[in-house]
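Undergrad: whatever this is, show me its structure:
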Amino acid sequence: MRLAAALPLLALAACSGGDKVTTQPGVIPVLTTLAVSAPGNTIAVNGTMQLSASPKDQSGAPFAVSVLWGSGSNFVATVTSGGLVSGVAGGQAYMYAHAGGLVDSTLITVITGAYPASASVYMLPEAYSPIQTDVARGAVVQFVFPSVAHNVFFNASPAGAPADIPGEASNQTVSRTFNTQGSFVYNCTIHPGMTATIVVH
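TA: Sure thing, here's the model as predicted:
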């Protein structure tokens with residue numbers, strides 16, 4: 001999402017990765033998107049999370065530009081010049097990337113105390129929601145299937161994931177218990193690219 005309001009900016013960060021900038025001959029590249037991404041949306045107090053930005057021009061090619069990172073609330077979470085978020089206190093804060101007159105952001109929730117013992121994952125038309133779910137070991141996760149059919153298949157690694165939810169599940173809720181600590185990525189084989197993660201703490 002893009003915001004027009006002025007935002008607190010913390011530090012200057014070089015844009016990522018040495019991507020090769022390619023545009024069509026005679027076309028002047030213009031920064032069009034920043035595309036902030038995060039591995040999840042929840043961290044604990046004193047926990048960290050690495051954000052990234054992928055500036056692109058109007059043709060979708062990488063665009064060389066410096067990115068300014070900022071936190072909407074340093075009382076909740078801070079962000080470094082390299083986009084590393086640190087949880088400070090319980091609450092929510094937007095993390096902002098600013099470059100070339102564009103702003104993109106992602107909302108981070110900082111939790112206190114124990115991770116939850118239960119959670120729900122909802123099936124959107126071609127995505128799981130949330131993309132990352134953080135729970136305590138032994139937690140029960142409810143996978144809520146709408147009328148559109150989906151399934152849940154966990155990656156083979158790491159070991160310890162619960163049983164898959166195969167076939168074409170719809171109009172039902174299926175529970176799985178997570179007894180092993182780790183990050184468990186799962187996918188829907190019906191909708192390529194539909195993926196999410198359960199992080200067991």
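
Undergrad: mind showing which ranges of the chain have poor pLDDT?
TA: Applying pLDDT under 70 to the chain flags the ranges 1-25.

Undergrad: any idea how far the residue of it positioned farthest from its centre is from residue 64?
TA: Distance from the C-alpha centroid of the chain, by Cα atoms, centre = their mean, peaks at residue 26 (36.0 Å). For residue 26, the distance to residue 64 (Cβ to Cβ, to the nearest Å) stands at 19 Å. For the C-beta atoms, the positions are set from N, CA and C on the backbone; glycine is no exception.

Undergrad: what is the neighbour count of residue 178?
TA: Counted with other Cβ atoms under 10 Å, residues neighbouring residue 178 total 23.

Undergrad: that one: what's it in contact with?
TA: The contact partners of residue 178, taken as Cβ atoms under 8 Å, 6 or more residues apart in numbering, are 135, 137, 138, 139, 140, 141, 161, 162, 184, 198, 200.

Undergrad: I'd like to know which of those are part of strands.
TA: Among the contacts of residue 178, DSSP state E puts 135, 139, 140, 141, 184, 198, 200 in strands.

Undergrad: which segments of the protein make up each domain?
TA: 11-111, 118-200 (automatic domain parsing).

Undergrad: for the ones in strands among the contacts of residue 178, which two are the farthest from each other?
TA: 140 and 184 (14.1 Å; Cβ to Cβ).

Undergrad: with neighbour numbers in mind, choose between the two.
TA: residue 184 (23 against 15).

Undergrad: verify the stated contact: that one with residue 200.
TA: Yes: counting by Cβ atoms under 8 Å, residue 200 is a contact partner of residue 184 at 7.0 Å.

Undergrad: related to what we said a few turns ago, are any of the contacts of residue 178 buried, and which?
TA: Among the contacts of residue 178, those classed as buried by neighbour count (16 or more other Cβ atoms under 10 Å) are 135, 139, 141, 161, 162, 184, 198, 200.
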